[in-house]
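Asker: no sequence on this one, just coordinates:
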């Protein structure tokens, strides 16, 4: 606050001094201030905000929010109430709260501590966790709020913390600095008023984006100049749309339109620019990035929902036990037991004249007594286990770390670990998930001629399917540039000049070199340059142009520089600069992108590239031959699994352009619906195009996809491909991934039939819809019938269903959904093509809800978000494209093939472990509570507690808490490699073999058996004297004896349930038993005046002075565990689980813990990776100051030669490092 | 859970020790300004994401109890990397900001473990082992129990005159003489000390109302004489507190026994019949009975007001409440040997009212062995379990010989049994 006042007082002081010293000027400035004041009182349109730049006082009345942010959930006052409230929203906690309240009343047999201690421990742990997380948030907020920023004050740049920033302030951001708020970009040190920003924090994209200030404001760069800037900004209200912004800047009575191009968003950082000057528009929580922070709906795992049922069953058992006890107490109570003092004035609970009341009250008594049947620490333990599983095991698994993109796996939620072990259906996106999204220029068609000799994987696969042998050509694998996998001597090295239509070729290459939004980075030489592109396709096209001799090397906001070779004559190289007049950007509606450029000779040309459908609509009516030829080629490319784009151009006359440009500028400066208007304007000029040709880009399959899919399908998982691609591409990819093969019966339901096309041509939507629906219905019925036949046949073929989006739309209709589901569930693979994002989600939820199977959605792009959220488990592919899918997902992995590890290893283990933990918790609490229940029968149903209060309260939280967590962390039935070697093991999870009611029943049976053993063995054997002194045990001696037996047995039982026993198991189990003995030694020895435990005073010493104690301690656990041991032995002998057989098969295998095995993170190790591994062995830096050495070329080679590791310096090394630099560079201001 | 904290720190300590390397924490100074910043901003996005009311933790933050573990892991990994020697894969590429996870056996879930497999051999040998250990113990404890000579005499009906047996309660509450003579014959030589017990049936000393009806404060501290709130309804007598108060003390057993052999009195030693810890810890040597059995209704025995509670051993024994409704309590010791066929005359005062609730009363004379009194249960249980295990071992062995199960037979795998699969 003080800084604030300082700012203002200094302002007024200077203003004051100004008025005194320079009266004439002062009055002037005051009058100008006056006008601004007048402006201030103008009524604001409700949906605009008006900002007076560089004038805090003028902005004051509007009360914009400050720039400090707070992401904390609590503050110091709300922490306890709010935190407790959150905790008590859990039923278990609420239940224990009620029990605790109940146990403070006289009807309770137990001291309140019995329930309060475990509850408060659980609450304490949870609250500490909450507080810690919140504290971290607070700390982060504070760091952010206090980071310095230069703001303009009194014609000087002053450094203030971010949080003091206000709307309208003029700030200066230096290179590599972060923008403190949403800024209006005014000026930059770069010529032409551009700056480069990195938006990695917003969308994860690391390529640089270009922003350009309005020309009018370019000058306000220095403090002196900037202080003269008095603009007024009218813009939209704060909203969460990251990519839109509309507003106007009023400066000196000029109105200038503002676009997202002038907006610098908070969270982005400045690159390649010394500094920029901007005006604050949105602050704090009103910035777009903060408005984007939304709540993701949390998912709960299926197992957890089943757990709720188990808890409900426990409540049922509790109720029955209480009811039995209550009835018993009503019957038992009688005045004849005179020693109970049941006189006339006895309280209600023991009043024999009102047995009904006795029963009711005893009911409550017993509820408090048996409350331990509900495992209070279960949820908190599971939470801990899952948290460690996800943060330590999944996130840090080296098998799921992708070296090329430097991406480890990421569990974004810890709720769903065990759900991964039960997945039955995988819904996968194609592009970027199954395929690499690494685009390589592969073929092209220019002027009706196909160029490019390569054969795609898919074609090869197809040929092999047809039986034709394809001679494996010597492909251009040696040293072809990333993104360019093309070899055709007819085009390379200027040979195109000799082709049939060299002009088309020239236009083709120019179009590739000019019509894009790619940004060159690095040295301006063909070898070293790297391109930053929004999509890999674009980069591939520009790289292709470079290889054809049209090297795009520099971009200024108005110019594109291209180094053209061989244009005039062979071998001639010249730099040509094209003035870029307009860029009509790509979006998913337009499906095309155009650039209007002016040749150095003044010619105006519009270059356009886009999807075939949109380009063909806009072609001029001439040269049909090329059109038809190209169409053929397009189909050919599509069949080969290639992605195609059509290229076209149009010559423009000056007049036509000028008149159009006016409309364009108008549209550009409109505040409402700007995008729509821009689209409309673009439509006016993108017509009568001349087709040049088309490009074909190969979309490579990801590493290891086919084998991963094979493994997964062996594991009983069905994989559906949902893609927006054409049917042919989708089928081809499915073949390539071995999802479909020729032995399968394929059902194809397509809307691309002649009959449907005929109806569609009539242009009657209603009729079309009716017809398609009818067709789909018939098709479905037919397929279903056929499928049934195959199903009943003994060894029918596997089936596959292929359906396209239009048919799917009708098939998803409620009337047809049933048969679609029926059919698709019988198919081993399903491919849906041409589907919209919404349909992806619909298909997913159809299987999820309709078939009640556990589904997994995996995808990489924004179009997969709905599918990812609809599935039980959503997985995002992290790495190349944007972050939307990852932000919506529950787990993020870098490669599709990591699904094997994620599901078969982590998922399966988590499932196994959580099942074990849950059933064990159930067992141990049931056993303990049942001994108490049996005792009730011998106490006249009075509800007398059998155990000391502290025994009961610490049973769950100390004596049996830790070992089960160890099991939840460390237990594994077979090793990771075996899990992958025998994917069939996964089926046990799909069948939910380990958390069936039958399993729970077995545990319950043994809980009853053991509790009977505990209670009856100990009590029966303790009724006489126990050593030669003939003295007799009392109640507390017996109960301590029983409790000792229980603690020992229950812990040993866990050991029996373990598949692998680490030393942490031994330590935790031994530790728990030891903890009990230490506790009882101390506890029963202490008798202070304040805390007298008369009941258990000295019991353990009394007990241990007898042989009886040791004999019983040997007998009872052995007898109790005998049943389980027998069961386990018989089960393993006669009805072994699969994993048990695998264990036996590999029982003599050496431990696969050697780290060399780990190194084989690959069979996938490429030469590149091997090199980087070798280099990884080199000495590492220990201080941050030497870090820069890495950026100097040759560092690696130097150390490598020291170590004798050969590391050649390759040209692309430098290129790669250059592309990496934007990620790993440190600020120079540091 | 505390023990968890403790162990996890132990965990980290040991893991680092066993690696035998000093850990270096480099991470902190690697965090230069920029990464901090990115973390910061990323974090506050994720923090907002996590502000959902979901009960489960979002991974943006850490979980306090596991700081130990986390710390441990980072230590581990560093150790591992430095101690790995040649051929380890854990070192990350020499890029400063590499996100490559560090190798540690913990995170890669490769902790050394023993993997017990319950093979038939193990099953059989476990059963055999149990039977080998249990049968001798069983025999020994059964013999010990059999050595004990025990005379039990149930007297609650016989000690009521035949004419009063129609309404026993009236008789016991009346004033008529309740002296009763019983004759016991010693079946075997009984070595001293011979313990005298009384045994009551159907007496719920473990009833909730009964158990809590005492004031432990009052019993050991004379200053807490007024501390009788838990003793209702036997807390005060005409406005002054009862010492010892409560139902337990009030219902103190008051039958008395005296023994004679050949008209020669056998002394019953009543010293040392209670646990020492009770005498010394719970009952004060300066607390004297007060107002005891003063009320309108007499429950049981009265106490000599001149003897401190710590020496009232009958009371101390009685107040160590029994676990079950059938219980024995030590009455005294006879410190002479009894010969076979000795006839013992018991003169007993049958004062205690068990007739209201139909409880039995028994007088028990018993010697002890090293295991205590006569109790065949332990011996029988040990023998039974040992025998059962032996039988099971035999049964499994026979099964194994007749129809051996080959270990790790792939044909047992479910997908091999049903080729169609699931």
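Answerer: Thanks, I have it. It should be emphasised that the depicted structure is a prediction, and the values quoted were computed from it without experimental measurement.

Asker: show me the contacts for the residue nearest the centre of chain B.
Answerer: By CA atoms, centre = their mean, chain B has its centre lying nearest to residue B:323, at 11.4 Å. Residues near residue B:323 by CB atoms under 8 Å, 6 or more residues apart in numbering or on different chains: A:938, A:1019, A:1022, A:1033, A:1034, A:1035, A:1037, A:1038, A:1039, B:206. From N, CA and C alone the C-beta is placed, and that goes for glycine too.

Asker: give me the spatial nearest neighbour of the last one, chain neighbours excluded.
Answerer: This means residue B:206. Spatial nearest neighbour of residue B:206, chain neighbours left out: residue A:939 (4.7 Å); criterion: CB to CB, 6 or more residues apart in numbering or on different chains.

Asker: three-state assignment of that neighbour?
Answerer: Under the three-state scheme (DSSP: H, G, I helix; E, B strand; the rest coil), residue A:939 adopts coil.

Asker: for it, what are its contacts?
Answerer: Counting by CB under 8 Å, 6+ apart, residue A:939 makes contact with B:204, B:206, B:207, B:208, B:325.

Asker: low-confidence ranges in the stretch 1051-1200 of chain A?
Answerer: A:1087-1094, A:1150-1200 (pLDDT under 70).

Asker: try it again at 80.
Answerer: Residues of the stretch 1051-1200 of chain A meeting the criterion pLDDT under 80: A:1086-1095, A:1148-1200.

Asker: what segments of it are strands?
Answerer: Under the criterion DSSP state E, counting those that start in this stretch, the stretch 1051-1200 of chain A contains strands at A:1061-1062.

Asker: just the helices in it please.
Answerer: A:1063-1085, A:1099-1104, A:1107-1134, A:1138-1145, A:1155-1159, A:1167-1176, A:1195-1203 (DSSP state H, counting those that start in this stretch).

Asker: for residue B:374, which of these is the nearest?
Answerer: Across these, residue B:374 has its closest neighbour in helix A:1107-1134 (13.1 Å, CB to CB).

Asker: the closest one and chain B, are they touching?
Answerer: Yes - using CB under 8 Å from any CB of the partner chain, helix A:1107-1134 reaches chain B at A:1107-1108, A:1111-1112, A:1114-1115, A:1118-1119, A:1122, A:1125-1126, A:1128-1129, A:1132-1134.

Asker: which entries within these meet the buried criterion?
Answerer: Those of the residues of helix A:1107-1134 next to chain B that meet the buried threshold are A:1107-1108, A:1111-1112, A:1114-1115, A:1118-1119, A:1122, A:1125-1126, A:1129, A:1132-1133, by 16 or more other CB atoms under 10 Å in any protein chain shown.

Asker: now flag whichever of these is closest to chain B.
Answerer: residue A:1129 (4.0 Å; CB to the nearest CB).

Asker: ok, the closest one to residue B:207 distance?
Answerer: Applying CB to CB, to the nearest Å, the value for residue A:1129 to residue B:207 is 43 Å.

Asker: same check, this time on residue B:365
Answerer: For residue B:365, the distance to residue B:207 (CB to CB) stands at 29 Å.
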